[in-house]
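Asker: How does the following fold in three dimensions:
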Amino acid sequence: MPIAVYVLGLSVFALGTSEFMLSGILQPLARDLEVSIPQAGLLVSAFAIGMVVGAPVLAAATLRLPRRTTLITLLGLFGLGQVAGAVAPTYGVLFASRVVSALACAGFWAVGAAVAISLVPVTARARAMAVMVGGLSIANIAGVPAGALLGQHAGWRAAFWAVAGLAAIGLVGVIAVVPRTAVPTGDDRPQLRRELTIYKDKQVWLALTATALNGAAVFALFSYLSPLLTDTAGLAESWVPTVLALFGVGALIGTFIGGRIADAHLFGTLFVGISASTVVLAVLALTAHNPIAAVALSLMLGVTAFTTAPALNARMFNVANAAPTLAGATTTAAFNIGNTLGPWLGGLVIGAHWGYPAVAWTGAALAAAAVAVTGIAFRLHRSDDHRSRLVASSAGVTTAKSAPAERR
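Answerer: Coordinates of the predicted model:
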């Protein structure tokens, strides 16, 4: 695996820490800014909305720019967004800073994924994406719990300053290691109209939907994991960083497993991983008042959710192979449609006074829907393969029959 792929994964560590750390500082942030927990949870959705909008827009806008230059610019803008969040005087300013940071994060994800894919052979795509997704996993192991500790002992703003520092380190790495690439010219130059043709493919939309539903299932719960642990399971607030770290350990394990098996068993990885998430969320809903069960299932959810991540990424690049930049952007947008939908639905459930266990039921229902969509995609995939074999067989028979005539 090229070193540049690992540097991109390191940069994603900074991005992922910013995206996920609110789950660990939700309560002190809400108290300081005098907003409700569901309102604070909308900051997660704000980041996700910025990712949804930013991924395709920035991918299209930078299509003909040098990718290395684009990565440097976007990572710098992301760092500035973290500084703005750290000094935000009001909830509204913090909300805006999250959207700006997310736009930069989305563009970096889309272009970075395309760069990572371009540096490895087709048979190593899932492993390359596992390295990048691994940055998110390590963010959950180290970055998010560290942010929670900072939020509890140094104030939630310290977490934003820390992420700004991580972004600066990532920026140095990208400048030093990611190779310069010339902008393609002639027939090879990227064309937005040509790349947009991927959206005519039903498999692209099915992959997008499955990715969004899977993300929504996980984030419906993860965004409110901290209050679930304290208010429902009865754990002290000091336990939250530890449980978040366990989720991150599970995510790293899942990413490693998914990266190893997804290239050879893509649909099998998707079915098993998403189905397992459905079961884990349902069991958590039933046992949320038991602190031991809540902690153990948080670890298991990290494993099941992130086992599917390399497969979901690789699937999108496979079905949208003709448009690698927009494929990366579409995957990023899909994940973050889920990251927007999940916290919003979770907030509705909490606002309806159904309790935090109902958020886990919501996640289980979304995961079950993702399994169903994956089943449809698999059936269509098998049908397409069957038709391709029939065409190839028919062509072979025709050629064999016509050969004697040609010889005559």
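Asker: quick one: buried residues of stretch 82-101?
Answerer: Buried positions in stretch 82-101, judged by neighbour count with 16 or more other C-beta atoms under 10 Å: 82-86, 88, 91, 94-101. C-beta coordinates here come from the backbone N, C-alpha and C atoms, glycine included.
Asker: again, but for stretch 327-341
Answerer: Under the neighbour-count criterion of 16+ other C-beta under 10 Å, stretch 327-341 has 327-341 buried.
Asker: from these, which ones fall inside helices?
Answerer: Cross-referencing the buried residues of stretch 327-341 against helices under DSSP state H gives 327-341.
Asker: Assign a three-state SS to residue 364, would you?
Answerer: When classified by DSSP: H, G, I helix; E, B strand; the rest coil, residue 364 comes out as helix.
Asker: And for it, the neighbour number?
Answerer: 22 (other C-beta atoms under 10 Å).
Asker: same thing with residue 290?
Answerer: The burial count for residue 290: 15, using other C-beta under 10 Å.
Asker: any idea how far residue 40 is from residue 347?
Answerer: Residue 347 is 10 Å from residue 40, where distance means C-beta to C-beta, to the nearest Å.
Asker: Show me which positions of stretch 145-164 end up buried.
Answerer: Applying 16+ other C-beta under 10 Å to stretch 145-164 flags 145-152, 155-164 as buried.
Asker: where does this protein have low pLDDT?
Answerer: Applying pLDDT under 70 to the chain flags residues 63, 140, 181-195, 320-325, 328, 384-408.
Asker: Which residue ranges of the stretch 1-150 of the chain form helices?
Answerer: Using DSSP state H, counting those that start in this stretch, the helices assigned to the stretch 1-150 of the chain run over residues 3-20, 22-33, 37-61, 67-86, 91-118, 125-138, 144-153.
Asker: right, so of the ones you listed, which gets closest to residue 304?
Answerer: Each of the helices of the stretch 1-150 of the chain was scored for nearness to residue 304 using C-beta to C-beta, and the closest is helix 125-138 (12.9 Å).
Asker: what's in contact with that closest one?
Answerer: Applying C-beta atoms under 8 Å, 6 or more residues apart in numbering, the set of residues contacting helix 125-138 from outside is 1, 5-6, 8-13, 15-16, 19-20, 112-113, 116-117, 119-120, 248, 251-252, 254-256, 258-260, 262-263, 266, 302, 306, 309-311, 313-314, 317-318.
Asker: The nearest residue to residue 123 once chain neighbours are set aside and residue 247, how far apart?
Answerer: Of all residues not flanking residue 123 in the chain, residue 263 sits nearest, at 6.1 Å (C-beta to C-beta, 6 or more residues apart in numbering). For residue 263, the distance to residue 247 (C-beta to C-beta) stands at 25 Å.
Asker: Compare these two and say which is more crowded by neighbours.
Answerer: A direct count of neighbours by other C-beta under 10 Å for residue 263 and residue 247 places residue 247 higher, at 30 against 20.
Asker: tell me which element that one is part of?
Answerer: helix 240-261 (DSSP states H and E).
Asker: Over to stretch 23-41 now: how far is its first residue from its last?
Answerer: The first residue of stretch 23-41 is 8 Å away from its last residue (C-alpha to C-alpha, to the nearest Å).
Asker: now swap in stretch 132-145 and tell me
Answerer: End-to-end distance for stretch 132-145, by C-alpha to C-alpha: 20 Å.
Asker: Enumerate the positions of it that are buried.
Answerer: If you call a residue buried by 16+ other C-beta under 10 Å, then stretch 132-145 has these buried ones: 132-141, 143-145.
Asker: Now do that stretch: distance to the chain's middle.
Answerer: Relative to the centre of its chain, stretch 132-145 is centred 12 Å away, using C-alpha atoms, centre = their mean, to the nearest Å.
Asker: picking that back up, does the residue nearest to residue 123 count as helix, strand or coil?
Answerer: Following three-state DSSP, the label given to residue 263 is coil.
Asker: Please report the distance of it from residue 126.
Answerer: 4 Å.
Asker: cool, and residue 225?
Answerer: For residue 225 relative to residue 126 (C-beta to C-beta), the value is 27 Å.
Asker: cool, residue 4 as well?
Answerer: To residue 126, residue 4 is 18 Å away according to C-beta to C-beta.
Asker: So between these two, which is more surrounded?
Answerer: residue 126 (27 against 19).
Asker: hang on, the earlier thing: got TSV for the helices of the stretch 1-150 of the chain, with distance to residue 242 too?
Answerer: Output for the helices of the stretch 1-150 of the chain, formatted as TSV (distance: least, C-beta to C-beta, whole Å):
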stretch	distance to residue 242
helix 3-20	16
helix 22-33	11
helix 37-61	21
helix 67-86	25
helix 91-118	26
helix 125-138	16
helix 144-153	7
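Asker: Which stretch among those approaches residue 298 most closely?
Answerer: helix 22-33 (11.0 Å).
Asker: Against which helices or strands is that closest one packed?
Answerer: Helix 22-33 makes packing contacts with helix 37-61, helix 144-153, helix 156-177, helix 225-227, helix 240-261 when contacts are defined by 3 or more C-beta pairs under 8 Å, 6 or more residues apart in numbering; DSSP states H and E.
Asker: Run the angle between the next helix or strand after the helix holding residue 247 and helix 240-261 for me.
Answerer: Note on helix 240-261: by DSSP H and E, the next helix or strand toward the C-terminus is helix 266-287. Going by axes from the mean of the first three to the mean of the last three C-alpha atoms, to 10 degrees, helix 266-287 is angled at 160 degrees with respect to helix 240-261.
Asker: Output whatever helix or strand comes next after helix 266-287 as PDB, nothing but the C-alphas.
Answerer: Where DSSP H and E defines the elements, the next helix or strand beyond helix 266-287 is helix 291-307. Output in PDB follows, covering the C-alpha atoms of helix 291-307 (Å, rounded to 0.1, in the frame of the first residue of the first chain):
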ATOM      1  CA  PRO A 291     -25.000  -0.800  31.900                       C
ATOM      2  CA  ILE A 292     -22.900  -3.900  31.200                       C
ATOM      3  CA  ALA A 293     -25.100  -4.700  28.100                       C
ATOM      4  CA  ALA A 294     -25.000  -1.100  26.900                       C
ATOM      5  CA  VAL A 295     -21.200  -1.000  27.100                       C
ATOM      6  CA  ALA A 296     -20.700  -4.400  25.400                       C
ATOM      7  CA  LEU A 297     -23.200  -3.700  22.600                       C
ATOM      8  CA  SER A 298     -21.600  -0.300  21.900                       C
ATOM      9  CA  LEU A 299     -18.400  -2.200  21.200                       C
ATOM     10  CA  MET A 300     -20.300  -4.700  19.000                       C
ATOM     11  CA  LEU A 301     -22.000  -1.900  17.000                       C
ATOM     12  CA  GLY A 302     -18.600  -0.500  16.200                       C
ATOM     13  CA  VAL A 303     -17.500  -3.900  14.800                       C
ATOM     14  CA  THR A 304     -20.600  -4.500  12.700                       C
ATOM     15  CA  ALA A 305     -21.000  -1.000  11.400                       C
ATOM     16  CA  PHE A 306     -17.500  -0.600  10.200                       C
ATOM     17  CA  THR A 307     -17.100  -4.100   8.800                       C
END
